[in-house]
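Student: one predicted model, sequence on top.
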Amino acid sequence: MNFILAVNIRIKPENVERFMARLLENARAAREEPGCRQFEVLVDPADRTKVLLFEVYDDQQAFEVHQQTPHFRQYLAEAVPLLASRERQVLQRALPA
């Protein structure tokens, strides 16, 4: 069963450009990981400070491997302090794929 994560992000307005550069680096690297099936960066067209990450991994172990990668650790250290808020939600499909 896939491990699905939705992350609602609110960027401090003065940090949008810096944060997005770091986020997109992390997303590109994550998409190359064997256990990552999907990693979408979705931005509210009316408010660039609102971002939704939609991530799909093979399973929870693949997500845990993602969290140990150098690119993710760098993202946490450099990008997360630029945020006003970050809320993670684990999801599952209602019906089998």
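Tutor: Looks like it came in fine. Remember, it's a predicted structure, so these values are computed and weren't measured experimentally.

Student: contacts, neighbours, all on C-alpha from now
Tutor: Fine.

Student: list the contacts for C36?
Tutor: C36 makes contacts with A30, E55, V56, Y57, D58, A62, F63, as judged by Cα atoms under 8 Å, 6 or more residues apart in numbering.

Student: please name the residues that touch the fourth one.
Tutor: With contact taken as Cα under 8 Å, 6+ apart, Y57 is in contact with N2, F3, I4, G35, C36, R37, Q38, F63.

Student: that one bridge partners, please.
Tutor: Counting by DSSP bridges, Y57 is bridged to F3, C36.

Student: how far away is it from A29?
Tutor: When distance is defined by Cα to Cα, to the nearest Å, Y57 is 14 Å away from A29.

Student: re the thing from before, between the contacts of C36, which is nearest P13?
Tutor: Closest approach to P13 among these (Cα to Cα): E55, at 24.1 Å.

Student: burial check on the residue nearest to the closest one when sequence neighbours are not counted, number of neighbours?
Tutor: For E55, ignoring the flanking residues on the chain, the nearest one in space by Cα to Cα, 6 or more residues apart in numbering is F39 at 4.4 Å. Per other Cα atoms under 10 Å, the neighbour tally for F39 reads 21.
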